[in-house]
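Undergrad: Provided below for reference: sequence and predicted model.
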Amino acid sequence: MTLTLLEIIALAILGIAVLLSLLRLLLGPAAPDRVVAADTLSVITTSGLVVLAALLGSPLYLDVALIYGTLAFVGVVAIARAIEGNGS
Amino acid sequence: MRLLADIVLLVGAAFTLLGALGLLRMPDVYNRIQAGTKAVTLGALSLILGIGLLYPQWWSKLLVIALLILVTNPLGSSTIARALLIAGVKPWTKTPTTAGKERES
Amino acid sequence: MKTPANEATDGTLAHGVFLFLLLFTLWLLLTGSIDPAELIAGAMVALAVTLISRPHLNIFTGLRLTPGAILPFLSYLGLFLVELIRANLDMARRVLTPSLPLQPALVEVKTELQSPLGRLILANSITLTPGTLTVDVLEDRLVIHWVEVPPGLTIEDATRSITSKFERHLKGFVK
């Protein structure tokens, strides 16, 4: 599909958001900050996959987004459990 | 219809950017969780709503994805925050307050 | 706090039916088709999952399944959406202010909700409302990280300003 100007701007903003989150992931400074950045990034990726489905006009990517979102949540809980274990 | 969808998409992208900016600017990990969770959740919801306006035939699956994000994102953030508190990460404060209490267990 | 065994016996047939309908609706949304073969397959899968998981899945027993629960649920949804948008505008203001107006602290508030499901929904709502993040749930107390705590605050004040507005509606449809 052909994009309108507003859609291109929205995609650019989304791209900047991903870059800023990646910056936090790289900067840290400690492991928890990186986990939070990864968590945020995973939600942005889920909505990004939905946008990708629209860009390619294929509903198949919606299933990818659904499974990705579920797995990302399970992953976050697993990492949180690991952090908990280190402290006690 | 296309214009309305585009505006909703733009709002969604803007909130996502604000969330990422908050993630970068906030002074400690708990505040970062707050900024990240709230803004990115609403951003994702309005992005999904915008796509729903562009492709109305996808509404059922988009609804499931929206509900998934709405339920799991705050839950995941709370889980991380709880783990940090148990692991002994102290919240950042400007001035010492008496309102904060240690977890008793 | 009730023991898990008590919770399980409290579950009624209505909760089983509710779980079945929830799973069946999810199937309908995911397949997006009303082909009879799909409907029968969905009903069978939903029934099988309900029968297998019902004895172990106690979280939905916190629901009040009465006709009177519908109105509080809808008004809760409305309040939640308004609060979600307010929370984001508030967070946007803080992030965009160069001086970062923050005065964060941990506070404890009490909840009157008894069931795990009620506390879960309350904790999630608090996380998505202005300036608050649920950190931990200890029995009937919620530990909350608050970005801007008003000075001279007691547990009663905190409870009133954070949880009461949600609890009022939540009490109508969860225990």
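TA: All right, it came through fine.
Undergrad: C-alpha only now, for contacts and for neighbours.
TA: Noted.
Undergrad: A:Thr46 against A:Gly69, yeah?
TA: Yes. At 5.8 Å, A:Thr46 and A:Gly69 qualify as touching, with contact defined as C-alpha atoms under 8 Å.
Undergrad: tell me the domain ranges of chain C?
TA: Chain C breaks down by automatic domain parsing into domains covering C:4-62, C:67-170.
Undergrad: and of these, who's closest to B:Thr72?
TA: With C-alpha to C-alpha, the closest approach to B:Thr72 among the domains of chain C belongs to domain C:67-170: 9.1 Å.
Undergrad: show me what contacts B:Val8?
TA: Contacts for B:Val8 (C-alpha atoms under 8 Å, 6 or more residues apart in numbering or on different chains) come out as B:46-47, B:49-50.
Undergrad: Which residues does whatever residue of chain C ends up closest to chain B form beta bridges with?
TA: Nearest residue of chain C to chain B: C:Leu106, at 4.3 Å (C-alpha to the nearest C-alpha). Per DSSP bridges, the residues bridged to C:Leu106 are C:His145.
Undergrad: any residues touching stretch A:65-80, and which ones?
TA: A:35, A:39, A:42-43, A:46-47, A:49-50, B:64-65, B:68-69, B:72-73, B:76, B:79-80, B:83-84.
Undergrad: picking that back up, can you say which of the domains of chain C is packed in most?
TA: Mean neighbours per residue, mean count of other C-alpha atoms under 10 Å in any protein chain shown, is largest over the domains of chain C for domain C:67-170, with a mean of 18.
Undergrad: Relative to C:Ala123, how far out is the residue of chain C closest to chain B?
TA: Distance, C:Leu106 to C:Ala123, by C-alpha to C-alpha, to the nearest Å: 15 Å.
Undergrad: same deal with A:Thr70?
TA: 20 Å.
Undergrad: Which other helices and strands does the helix or strand encompassing A:Glu7 contact?
TA: Using DSSP states H and E, A:Glu7 maps to helix A:5-27. Where contact means 3 or more C-alpha pairs under 8 Å, 6 or more residues apart in numbering or on different chains; DSSP states H and E, helix A:5-27 is packed against helix A:31-56, helix B:2-25.
Undergrad: May I have the residues that are in contact with C:Gly83?
TA: Quick fix: residue C:83 is Glu, not Gly. Contacts of C:Glu83 by C-alpha under 8 Å, 6+ apart are C:128-130.
Undergrad: if we can go back for a sec, near chain C too, which of the contacts of stretch A:65-80?
TA: For chain C, the contacts drawn from the contacts of stretch A:65-80 by C-alpha under 8 Å from any C-alpha of the partner chain are B:64, B:79.
Undergrad: Drop anything exposed from the contacts of stretch A:65-80.
TA: By neighbour count, with 16 or more other C-alpha atoms under 10 Å in any protein chain shown, the contacts of stretch A:65-80 hold A:35, A:39, A:42-43, A:46-47, A:49-50, B:64-65, B:69, B:72-73, B:76, B:79-80, B:83-84 as buried.
Undergrad: Could you pull up phi and psi at B:Leu62?
TA: Dihedral angles of B:Leu62 (phi, psi; degrees, to the nearest 10) stand at phi -60, psi -40.
Undergrad: got it, and C:Lys110?
TA: According to degrees, to the nearest 10, C:Lys110 has phi -100, psi 150.
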